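*Asks:* What would the 3D arrangement of this be:
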Amino acid sequence: MTPNQNSTDAGAWLPPTEQRNPRSTEIDALGTLETLRLLNDESAVAVEAVDAVLPELAGVVEEAVARMRRGGTIHYFGAGTSGRLGVLDASELKPTFNLAPDRVVAHIAGGSPALMEAVENAEDSADDGRREAETLGENDMAVGIAASGSTPYVGGALEAAQKTGAFTVLISNNPDAPLAEWADSHLVLDTGAEIITGSTRLKAGTAQKLALNAFSTAVMIAQGRTWENLMVSVVATNAKLRERTVRILCEAVGLEEVEAEQKLQQADGDLKVAIVMSLAEISVSRAAQLLQEHSGSVRAAVAASSSSEKPHR
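*Replies:* Model prediction:
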């Protein structure tokens, strides 16, 4: 039985996430360990669902990178669990990749209060979604997140965004999502019926989080915000992060801790500059210049340095 199939035709008109899962009808009679195993087994479906859409997701990533390079922004729109996952993903890009907070923006139905508790009827307002998306432009991208694929708030946002020329994406858990008509790309995370009927905070939400993590991380990598697999765009705003930048520089360049601290001081705390000046053996100013010329990519900056004459220091 595939994830979105029912054992009967009852409720077949409902989206998959609202249908009853035949594997969990006796869950309230199970022991604790059996319950946990069932939940864990079903969560594995989320990974498979994301794997199935990777080719389409790759196209969305490339579209997002191209638009951001033209000055565009990415906007997430969601309600409830889906909205909170969008807020979580967007908010983590600043500390992880030093991305300005206005480059990936999350909108949740009901606003900030909806982060902590349900805001009655907020998701039912297509007009609210339209108002929040009508300022998008042709270089922007709107990503709607809705397990059922029918949330009016998300639909209003995608409709308005598409009319402005923005590229529109729907991430849903419903192959027959009604809102797909407003999406240039529909990523179907086919996780089927939940263990607890309708509780999309479970595997539907897990699949959405995996997809959003993959999307935003791949976009950041493509924009040169990592060096190899190191988090080199991190901003050292506290003692823990300052220690992390020293460790990253040691890993990236092969320096001892004391020398790495000296390099960071010379680079005024800029980890990327410290890496480029160390790898290419160039001055701080030249390293900063090369990074600026190559959109902040350490790899491209080092390659450019090696192909030109190194300046005297």
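*Asks:* Phi first, then psi, for Ile171.
*Replies:* Dihedral pair for Ile171: phi -110, psi 110, per degrees, to the nearest 10.
*Asks:* Just give me the neighbour total for it.
*Replies:* If you count neighbours by other CB atoms under 10 Å, Ile171 ends up with 31. Yep, even glycine has a C-beta here, placed from its N, CA and C like the rest.
*Asks:* ok, it touching Ala211?
*Replies:* Yes: counting by CB atoms under 8 Å, Ile171 does reach Ala211; the two are 5.8 Å apart.
*Asks:* who touches both of the two?
*Replies:* In the contact map built from CB atoms under 8 Å, 6 or more residues apart in numbering, the residues linked to both Ile171 and Ala211 are 187, 189.
*Asks:* where exactly do the strands run in the protein?
*Replies:* In the chain, the segments counted as strands under DSSP state E are 74-78, 104-108, 141-146, 167-172, 185-188.
*Asks:* deepest of the ones you listed, which one?
*Replies:* strand 141-146 (a mean of 31; mean count of other CB atoms under 10 Å).
*Asks:* Show me what it packs onto, helices and strands only.
*Replies:* Judged by 3 or more CB pairs under 8 Å, 6 or more residues apart in numbering; DSSP states H and E, strand 141-146 is in contact with helix 54-69, strand 74-78, helix 80-91, helix 152-163, strand 167-172, helix 203-222.
*Asks:* ok now it, how far from the chain's centre?
*Replies:* Mean C-alpha position of strand 141-146 versus that of the full chain (CA atoms, centre = their mean, to the nearest Å) differs by 11 Å.
*Asks:* now do stretch 178-189
*Replies:* Distance of stretch 178-189 from its chain centroid, counting by CA atoms, centre = their mean, is 17 Å.
*Asks:* Chain neighbours aside, what residue packs nearest to Ser305?
*Replies:* Nearest residue to Ser305, sequence neighbours excluded (CB to CB, 6 or more residues apart in numbering): Ala280, at 3.8 Å.
*Asks:* That neighbour contacts Ala303, doesn't it?
*Replies:* No: contact criterion CB under 8 Å: Ala280 and Ala303 do not qualify, at 9.2 Å.
*Asks:* Between those two, which has more neighbouring residues?
*Replies:* Ala280 (20 against 13).
*Asks:* quick one, what contacts the more buried one?
*Replies:* 286-287, 290, 301-302, 305-306, 310.
*Asks:* Repeat that for Ala183.
*Replies:* 144, 158, 168-170.
*Asks:* ok so, going back, can you say which of the helices and strands packed on strand 141-146 is nearest to Gly192?
*Replies:* helix 203-222 (8.0 Å; CB to CB).
*Asks:* distance of Asn174 from Pro55?
*Replies:* Counting by CB to CB, to the nearest Å, the gap from Asn174 to Pro55 is 20 Å.
*Asks:* These two - which one has more neighbours?
*Replies:* Asn174 (26 against 7).
*Asks:* Phi first, then psi, for that one.
*Replies:* Dihedral pair for Asn174: phi -130, psi 110, per degrees, to the nearest 10.
*Asks:* From His186, how far out is the closest residue to it other than its chain neighbours?
*Replies:* Spatially, and ignoring its direct neighbours in sequence, Asn174 is nearest to Gly149 (3.9 Å; CB to CB, 6+ apart). In this view, Gly149 and His186 are 8 Å apart by CB to CB.
*Asks:* will you turn the strands of the chain into a markdown table that also has mean pLDDT and distance to Tyr153?
*Replies:* What follows is the strands of the chain, written out as a markdown table (pLDDT from 0 to 100; distance: least, CB to CB, whole Å):
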| stretch | mean pLDDT | distance to Tyr153 |
| --- | --- | --- |
| strand 74-78 | 98 | 7 |
| strand 104-108 | 98 | 9 |
| strand 141-146 | 98 | 8 |
| strand 167-172 | 98 | 13 |
| strand 185-188 | 98 | 17 |
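*Asks:* Many thanks, have a good one.
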